[in-house]
Structure formats: C-alpha cells, structure tokens
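Visitor: Take this sequence and fold it.
(2 chains)
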Amino acid sequence: MKKKRNLGFLALLAVLSLVIAACAPGEAETPAECEADEFGCVEVAGGEAIKIGSLLVITGPNSSLGLDSQYGVELALDYWGADEFDGEPGELLGHPLELVAEDDGCSAEGGTAGANSLAADEQVVAVIGTSCSSAALGVADTIFSDRGIAIVSPSNTGPALTTEENHKEFYLRTAHNDSIQGAAVANFAYTELGLRSAATIHDGSPYADGLQQVFADVFTELGGTITKQEAIQVGDTDFNPVLTDIAADAPEFLYFPIFVAEGGLITQQARAIDGLADTVLAGSDGMFTPDWIAAAGADNANGVYISGPDLASFSGDVDFYTGGFIPAYTDAYGEPQSVFHAHAWDATNMILAAIEEVAIEVGDTLFIPRTGLKDALFATSNFPGITGNLTCNPLGDCQPSATIAVVTVENGEFTEAVYSELGTLGG
Amino acid sequence: MTSVETAARSYRVLLERLPVRRIILVILSLVIAYGVIAGTVATLQTGRFTAEDWVDLFVAGVARGSVYAIIALGYTLVYGILFIINFAHGEVFMSGTFTAFFVAHALADQGLLNTYPVPALILLFVVSALVSMSIAVILERVAYRPLRGAPRLVPLITAIGASLFLQYTFRGFYGAQAKAYPNIDILQGNVPVAGFTIQRAQILVVAGAIILWLALYLVIERTRIGRAMRAVGEDREIAALMGIDVDRTIVSTFAIGGALAGAAGILFVQLFNSVFFFMGFFPGIKAFTAAVLGGIGSITGAALGGLVLGILEAVGPILFLTGIGVPSPNQLQPVVSFGILVLVLIFRPGGILGAPEEKRA
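Guide: Predicted coordinates:
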C-alpha cells in the first residue's frame, strides 16, 4: 500500500514539472536538429543578441589592415534588417546583432589567444577573421573547426589555407586566393614591364612565403629567371645584408610581399643600395595602406608597385558600394586605410544570410545548429556581394575569380590601377 | 703492492685528471673554426661579392654595432653598480626616440629640419635624451628602489613588468602605427672614403657613438660622480660609510644610462627611420647580448661587444654560409650571431674582456 502511494506522488511530480517546464519563459524545447548536430546549437533566448565574433589585426603596425575589415563588419551588422546605416545594431529574426571583437595580432600567437577567447564564449555563432594568414593557418582555422564554429576570412590570401592537406572543415574566405594574385604580379612584371629577372623576399609567414612562391613559379614558367628567394625575420630592422646579397645578381624586379613595418624599412634601405638603383620594387596587399608609405617615407615609396584586390572592378553591387557603403564608411570612420572592407562586408552578410536560413525559431528563442550553419555557408552559391557573386567551393574559397590591380605611388599617394588582371582559381 | 696494481692505479689517476670537458670544447671549437674558415674561403671563391659589397656590409655592421654599444652602456652601468639586469632599458630607448619623433615631425613641417639641420639634430638629441633619462629615473624610483633588499630575481620580474607597462603606455600615448622619421637631406646619399662609398648617415652614427662613449668614459674616470659610481659598484656599504650618497649615485647611474639610450635612439633612426611602440624590444635584447659578450660591467666591453655583434650580424651569415650553399643565409642571422655568443661564453664566461672587479664602472 505504502509503495503504491509513493508511486502516485512521483507521477504527480513528473506531470507538474513538465507543466512548469513548458510554461517557464525562455525554456524552449530543443529541436531535433540540435540533437542531431555534432556540435549542437547556439541557443539565443528571446530579446538576447546574436553574437558575431571578429578576429582581425586591430593593434600594432598592421592595424589599419584589420581595422578596415572590422569597420566593414560593423557596417554590415548595422545595415542588416534595417536596410540603412542608422547606427543602431541590425536585427535578425527579431534578435539584435552584437559584435565581439578580438585581435589576431597578425601572428600565430595572437591568433591562438584571440581564437581561444572567442571559442570560450558559447554564444558566438560565427567569426569573421583572421586578417593575417599566419593567425589562421593551423591556428584559428583549427581552433574554430574543433569547436564547430564557422570562420570566414575577409583578407587571408595565403594559398596554403585552402589546399587539400591543410583546409579545415569550418574555414572559408571571401578574399581572393594568392594563386590568383601571385600570377597577376608575375604577368605584370614579365609581360607588362618586360622584365626578365626577379628576386623575392618573404618573412616566413604563410602569406608572404606562399605569395612569393606562386610569383616565382609563374615568372619562371613565363620564361623569366628567379635570381634569389630570400627570407627575413619579422621585427628585424637592418636589411642591408639581405639587400646586398640580392643586389649581387642585379635583378630587374624585387618582389617583397610582406607587411608594413619590415616592408617600409626594406623600401627605404633598398633605395640606398647602389646595385638596386635600377631595380623595380613591388609589394602586395599586406603593404596596401598609407601606413606603409608613411613607414617607408614618401620619397622612397614613390614608384614602388603594390598589388591588391581591384576596388574599381568589383563585379557585384558597385552602385551600392560607391553610393551607399563608402559614404557611410567615410562618415563613421574616415577614408578607408586599406582594401578589404568590401570583402569583410560580404563575409558578414554571407554569414547572416546563412544564419537566417538555418535558424530554428521555437517561441521567441532561436536555435542555430553549428554544423548546419557551416553546411549552409559552403552551399553559398551566387550570393550577391559587393566584390562579386560569391560561390564557395568545398575547400572554402568563395571568390572563384578575382580582379587583381597593380597600383603605384606618386607624390606619396597611391595612384589608380596601372594594370589589372582577372584571374580564375585553378585556371 | 704489485707492479700491476700500481700501473692500474696510475692509469685511473690519469683518467681522472684528464680534462675531458676541455678536450670536448677544444674539438668543438676546432670543428666550428673549420666550418667558418671553409665557408669563408668557399664564399670568397665564388666571387659573388665585390670588395665594395664587403665594405658596405662591414660599415653597415659597424654602424648598427655602434648603436648596440651605446644602448649596452645602460645595461652595463646599472649592472656594474646594482648587479641587476634592467630589462626595461629597451623601452627607455624607445620612449625618448618615439617622443622626439613628434619634434622631428614638427620641425620638418616648418622646413626647419633641412634649413638648420645641425641645431635641429641637437634639439632632437636633447629631447630624446631628456625623455629617456626621465623615464629611467622614474623607473628606478618606482620599480627598483623599493626592491633593493629583495632577492635578485625579484627586480628581474619587475623589470619585465615595467617593460610591458612602458610599451603599452606609449602605445596609448602615441598610437600603434609605425611612423617614419623625416629624413634630413644632408644625411642622405653617399660620400667617397678611400675609394669606397659610405652612407652619410652611417658616418654620423659611428662618429656620434664615439663621442658619446668618450663622454661617458670621461665622466666615469674624471668626475666626482664617476668616482662615486665606481665606489658604489665596488662596495655599496663601504662607499656609504665614506660619505657617498648611495641613492643619489644610483639615480645618476640610471639617468646617465637613460640619456645615452635616448641619444642612441636618434642615431638609430638615422639608420632605420621608423618608430613604433615595440621598437625597443629587439635593440634592447641585442644590446644586452652585446654587454654580455663584451663583459658585463665594463664600458669598454660594451663598446667592443656591440661592434663585434653588429659586424657578425651584418657580415657573418653571408660570409660563412653562402659558400656552403645555404639558400637564404640571412634568415640564419640570429643563429650565427648567438652561436658565436655561446662559444665566447664557453671559453670566457665573463665575456671578451672579462670583468675584473676593479674595472666595474
């Protein structure tokens, strides 16, 4: 008898707790998709913000590269839902959007610290980053893929990131792959300038090393000679030995696709080396900022060629770019100091569209399946962006073709493109 | 005792007395010496570099070595008197140089930098030296003096903390971007010296370093404060008993070291005209290395160590490694220079000039 009464009491309790659970605010029932998802769902309760992370270089000598991208992200989060730049956070499915900004330090160490800090926040749905390939390769791409957090980079161009052996499951990018950029610079040097010998300098980073290697391969294929492929240390200041060594072969073209601080010093010191007096100097998007001109000194920077994405031949919504985006950007942050803001805008919008597609609304709670979000991102096809229509391939490259511009410096300012070339991945 | 036993015993004694460690070291050094000589000969045989190239590299090495030497004086002075390593010295160097940038920039905007280059340069030296000196003195007062009785590891940790604090403080003041020092026209270009061309900036740097070093030497050997510094370095308590104000002497040591670092910064930017908040780190490490290489505590040692390190860095990788077919030798620059440092310290643990007690400054 006694046992039976106890059972009845338990049954009553069970029913009651179910009723309470169902009525409790914000305690929505977890959808089946989340149970099935390997990494589960991000659960955003009613009224709470959807957190988007960013991991860009926002301090140090390369900060203009990362800040420029971060401003692109901020504008995209502002514009979403409202379709205007009102300074209020945008809304997605009734939830405000919130940015959690971290610093990638343009190094593997910075990438580790920033990625771990973002990954520790369970509410971070996806991340825009990193700025520098060195912060992503084997670092941020791995940390986020292990946690099932999608990461889309607006400015990693290192070819190694999207190769079969290195690509990590949750990593994508809207930046061009340097197998396009390296070839464009080689064509420019060989065909456009008619130069036949070249030397390169890299700083050991996956970006610089990868880019100079593509350049060297294509330049050799075209019939040119690579006299020397040198390497320097990040943080060093005296490049006289390395430049003297290079000058011994008197190359016609010297390509050093590195970053602001060392790139500025090499530009300066190369000007004082007699054997390099007639050598054409060139760098790439890691130095595509007025900060590099300032670091080199305008007199030294004049005449140096710099390659990067061609902002004048975006194939996407160019009217919006020049008429809406750039004015809003300039109002809020001043003139753009680098060249990847549009890629950052596209990366953010791609993520937000994918969230909208896969999010499951239960009452006013939002469930975002992590693997589902990743799959939706990789399924992106002909997504209309500013830089062009984005279609992501299985290795995470979302820019199947890109136009690379080469500009030069006159009177201490970047000129319009002096050369531009449309390149296609794998072509 | 049989003759067999005697023989065995004397054999054992012989084995025990055999200086095994010394023999290994001698063999090691012979191997390295052979590698260096073979590499050098092979490089020279390739004929890849002209005499002009070697002179350029050597002079560049002397110039950067001179800057290391002057910064190294700050480490060596403080060590000689307090026996602590002031790891924030690189930031002392940065603080003055970075601050003087704004003066240089203003002068350049007004066109004064090129119309009156000599007074302008002197003004930059004064500003940079004063700022670095103030930072060094504050550092001593805040970070080191309260710990004077503490174990030696404690001020070392404080020094690292102070170093980070100064870096990020100056980043807060002046921003995170690298900034280019405006060029002074009369220092641009080359001048012919004995059939070779040498950059004007390098001549200024070497001359400036020699003047600074001589000035320090005279202060230490010929003035009251110099004598007080030597006395405190010898024995702090006895010096105090003799009526020397130890606190004041220590502050003066930091002030002199700081002012030298600030002045070295203006020389540094004539060679590599870019400044940012982290710029003190590597020159600081290199200068510390130079001080140890030359014999820490000795100001002649600091100068010698700086020059040796600078020349090794500039000439070493190309001279030793090109001939044996290393593809990009300059990447191995730290390996060459620090490898030699280790070798020197194995044979002369006190550095090239050792550090006899009475020579501590």
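
Visitor: I figured residue B:350 hits residue B:294, correct?
Guide: No. With contacts counted by Cβ atoms under 8 Å, residue B:350 stays clear of residue B:294, the gap being 9.9 Å. In short, each C-beta sits where N, CA and C put it, glycine included.

Visitor: What residues does the stretch 101-250 of chain A have near chain B?
Guide: Residues of the stretch 101-250 of chain A lying close to chain B by Cβ under 8 Å from any Cβ of the partner chain are A:204, A:228-233, A:235-238, A:240-242, A:244-245, A:247-248.

Visitor: Give me the buried subset of these.
Guide: Among these, the ones that count as buried by 16 or more other Cβ atoms under 10 Å in any protein chain shown are A:228-233, A:236-238, A:240-242, A:244-245, A:247-248.

Visitor: so what's the backbone phi/psi at the residue lying closest to residue B:98 once chain neighbours are set aside?
Guide: In space, residue B:98 comes closest to residue B:275 once its chain neighbours are excluded; the distance is 5.1 Å by Cβ to Cβ, 6 or more residues apart in numbering or on different chains. Note on residue B:275: its backbone torsions stand at phi -120, psi 140 [degrees, to the nearest 10].

Visitor: show me the contacts for residue B:275.
Guide: B:94, B:97, B:98, B:101, B:178, B:179, B:181, B:269 (Cβ atoms under 8 Å, 6 or more residues apart in numbering or on different chains).

Visitor: And the pLDDT at it?
Guide: Residue B:275 is assigned a pLDDT of 84 by the prediction.

Visitor: Residue A:187 too?
Guide: Reported pLDDT for residue A:187: 93.

Visitor: After the strand or helix carrying it, heading C-terminal, what element do we hit next?
Guide: Applying DSSP states H and E as the criterion places residue A:187 in helix A:178-187. Sequence-wise, the next helix or strand downstream of helix A:178-187 (DSSP H and E) is strand A:197-202.

Visitor: just to revisit the earlier point, partner residues bridging the residue nearest to residue B:98?
Guide: Taking DSSP bridges as the rule, residue B:275 bridges to residue B:179.

Visitor: With residue B:113 as the reference, measure out to it.
Guide: 15 Å (Cβ to Cβ, to the nearest Å).

Visitor: Tell me where the chain is predicted with low confidence.
Guide: As the question left the chain open, I've gone with chain A. Residue ranges of chain A with pLDDT under 70: A:1-28, A:427.

Visitor: Correction: the question concerned chain B.
Guide: In chain B, residues with pLDDT under 70: B:1-2, B:15, B:355-361.

Visitor: Please report the distance of residue A:86 from chain B.
Guide: 30 Å (Cβ to the nearest Cβ, to the nearest Å).

Visitor: dump the residue contacts of the residue lying closest to that residue once chain neighbours are set aside.
Guide: Once flanking residues are discounted, residue A:86 sits nearest to residue A:78: 6.9 Å by Cβ to Cβ, 6+ apart. Under the criterion of Cβ under 8 Å, 6+ apart, the contact list for residue A:78 reads A:85, A:86, A:87, A:88, A:89, A:90.

Visitor: Now for those residues: which two are most distant?
Guide: A:85 and A:89 (11.8 Å; Cβ to Cβ).

Visitor: Around residue 30, how many other residues sit close by?
Guide: Picked chain A for this. As a burial measure, residue A:30 scores 15 neighbours (other Cβ atoms under 10 Å in any protein chain shown).

Visitor: Chain B, not that one
Guide: Neighbour count of residue B:30, defined by other Cβ under 10 Å: 10.

Visitor: closest point of the stretch 1-150 of chain B to chain A, which residue?
Guide: Distances between the stretch 1-150 of chain B and chain A by Cβ to the nearest Cβ are smallest at residue B:60, namely 4.0 Å.

Visitor: Now that residue: which helix or strand?
Guide: According to DSSP H and E, residue B:60 maps onto helix B:51-82.

Visitor: and that helix, which residues are buried?
Guide: Buried residues in helix B:51-82, counting neighbours by 16+ other Cβ under 10 Å, are found at B:53-82.

Visitor: next helix or strand past that helix?
Guide: helix B:89-109.

Visitor: Only the buried residues of that following helix, if you could.
Guide: Buried residues in helix B:89-109, counted by 16+ other Cβ under 10 Å: B:89-101, B:103-104, B:107-108.

Visitor: Only alpha carbons, please: show that helix as CSV.
Guide: C-alpha atoms of helix B:89-109 as CSV (Å, rounded to 0.1, in the frame of the first residue of the first chain):
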residue,chain,number,x,y,z
HIS,B,89,66.1,49.5,-20.9
GLY,B,90,64.9,48.8,-24.4
GLU,B,91,61.7,50.7,-23.6
VAL,B,92,63.7,53.6,-22.1
PHE,B,93,65.4,53.8,-25.5
MET,B,94,62.0,53.7,-27.3
SER,B,95,60.4,56.3,-25.1
GLY,B,96,62.8,59.1,-26.0
THR,B,97,63.1,58.2,-29.6
PHE,B,98,59.3,58.0,-30.1
THR,B,99,58.7,61.3,-28.3
ALA,B,100,61.4,63.1,-30.3
PHE,B,101,59.6,61.9,-33.5
PHE,B,102,56.9,64.4,-32.8
VAL,B,103,59.5,67.2,-32.5
ALA,B,104,61.2,66.0,-35.7
HIS,B,105,57.9,65.9,-37.5
ALA,B,106,57.0,69.5,-36.4
LEU,B,107,60.5,70.7,-37.4
ALA,B,108,60.1,69.0,-40.8
ASP,B,109,56.6,70.6,-41.3
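
Visitor: For that helix, which helices and strands make contact with it?
Guide: helix B:51-82, helix B:112-115, helix B:117-139, helix B:153-174, helix B:246-271, strand B:274-275, helix B:281-294 (3 or more Cβ pairs under 8 Å, 6 or more residues apart in numbering or on different chains; DSSP states H and E).

Visitor: cutoff 10 Å now
Guide: Under the contact criterion of 3 or more Cβ pairs under 10 Å, 6 or more residues apart in numbering or on different chains; DSSP states H and E, helix B:89-109 touches helix B:51-82, helix B:112-115, helix B:117-139, helix B:153-174, strand B:179-180, helix B:246-271, strand B:274-275, helix B:281-294.

Visitor: and the angle from it to helix B:117-139?
Guide: Computed with axes from the mean of the first three to the mean of the last three Cα atoms, to 10 degrees, the direction of helix B:89-109 lies at 150 degrees from that of helix B:117-139.

Visitor: next one: helix B:89-109 to chain centre, how far?
Guide: Distance of helix B:89-109 from its chain centroid, counting by Cα atoms, centre = their mean, to the nearest Å, is 20 Å.

Visitor: Tell me what angle it forms with helix B:51-82.
Guide: Going by the same axes, to 10 degrees, helix B:89-109 makes 120 degrees with helix B:51-82.

Visitor: tell me the angle of helix B:89-109 relative to helix B:281-294?
Guide: Using the same axes, to 10 degrees: helix B:89-109 against helix B:281-294 is 130 degrees.

Visitor: rewinding a little: how close does the residue of the stretch 1-150 of chain B closest to chain A sit to residue B:18?
Guide: Separation of residue B:60 from residue B:18 (Cβ to Cβ): 46 Å.

Visitor: got the residues of the stretch 251-400 of chain A near chain B?
Guide: Residues of the stretch 251-400 of chain A found near chain B (Cβ under 10 Å from any Cβ of the partner chain) are A:259-265, A:268-269, A:271-275, A:289-301, A:337.

Visitor: and those, which are buried?
Guide: Using 16+ other Cβ under 10 Å as the burial test, these include A:259-265, A:268-269, A:271-273, A:275, A:289-298, A:300-301, A:337 as buried.

Visitor: Chain neighbours aside, what residue packs nearest to the residue of the stretch 1-150 of chain B closest to chain A?
Guide: Excluding its sequence neighbours, the residue lying closest to residue B:60 (Cβ to Cβ, 6+ apart) is residue A:240, at 4.0 Å.

Visitor: Contacts only, for that neighbour.
Guide: By Cβ atoms under 10 Å, 6 or more residues apart in numbering or on different chains, the contact set of residue A:240 is A:269-270, A:272-273, B:56-57, B:59-61, B:63-64, B:199, B:202, B:271-272, B:313-314, B:330.
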